[in-house]
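Visitor: structure for the following, please:
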Amino acid sequence: MILDAQDWPSRSTHPVYGMPNCDDGRLMIAARPNRFWDDFADRITRQAAEHMPAMEAAYATPRSAI
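Guide: Purely as a prediction, here's the structure:
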């Protein structure tokens, strides 16, 4: 299931919007960018800047940047 923030509390088993989780064989993921993943990206760029080139090479797409 791809859930928006307003649907997350009633359908997801994990309280934090954006944290992928699975229940009864259903995978639940966030539909939009969210604070959960933004915090990880901020942590990487601030605390592990030397790893950014490898992260961008592995995960960035032509329309996105980490």
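Visitor: can you show me the helices along the chain?
Guide: Ranges of helices within the chain are 8-11, 35-47, 52-59, based on DSSP state H.
Visitor: now for these, which one comes closest to Arg26?
Guide: For those, proximity to Arg26 was assessed by C-beta to C-beta; helix 8-11 is nearest, at 8.7 Å. The C-beta positions use only the backbone N, C-alpha and C, and glycine is treated the same way.
Visitor: so which of the helices of the chain is nearest Ile2?
Guide: Between Ile2 and those, the tightest spacing by C-beta to C-beta is seen for helix 8-11, at 10.5 Å.
Visitor: list the buried residues of that closest one.
Guide: The neighbour-count check on helix 8-11 (16 or more other C-beta atoms under 10 Å) flags Trp8 as buried.
Visitor: list the helices and strands it packs on?
Guide: strand 26-30 (3 or more C-beta pairs under 8 Å, 6 or more residues apart in numbering; DSSP states H and E).
Visitor: how does it look with 6 Å?
Guide: Helices and strands in packing contact with helix 8-11 are not found; criterion 3 or more C-beta pairs under 6 Å, 6 or more residues apart in numbering; DSSP states H and E.
Visitor: gap between that helix and the chain center?
Guide: 17 Å (C-alpha atoms, centre = their mean, to the nearest Å).
Visitor: show me what that helix is in contact with.
Guide: Leu3, Tyr17 (C-beta atoms under 6 Å, 6 or more residues apart in numbering).
Visitor: re earlier: and the helices of the chain, which one's lowest on average pLDDT?
Guide: Among those, helix 35-47 carries the lowest mean pLDDT, a mean of 79.
Visitor: isn't Met28 up against Gly18?
Guide: No. Using C-beta atoms under 6 Å, Met28 makes no contact with Gly18, being 10.2 Å away.
Visitor: before we move on, back to that, using TSV, please lay out the helices of the chain together with distance to Cys22.
Guide: Shown next, in TSV, are those (distance: least, C-beta to C-beta, whole Å):
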stretch	distance to Cys22
helix 8-11	12
helix 35-47	16
helix 52-59	22
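Visitor: for Asp23, which of those helices is the nearest?
Guide: helix 8-11 (9.1 Å).
Visitor: hang on, the earlier thing: mind checking which of the helices of the chain is nearest Asp24?
Guide: Distance to Asp24, taken as C-beta to C-beta, is lowest for helix 8-11 among the helices of the chain, at 11.2 Å.
Visitor: all good on my end, thank you.
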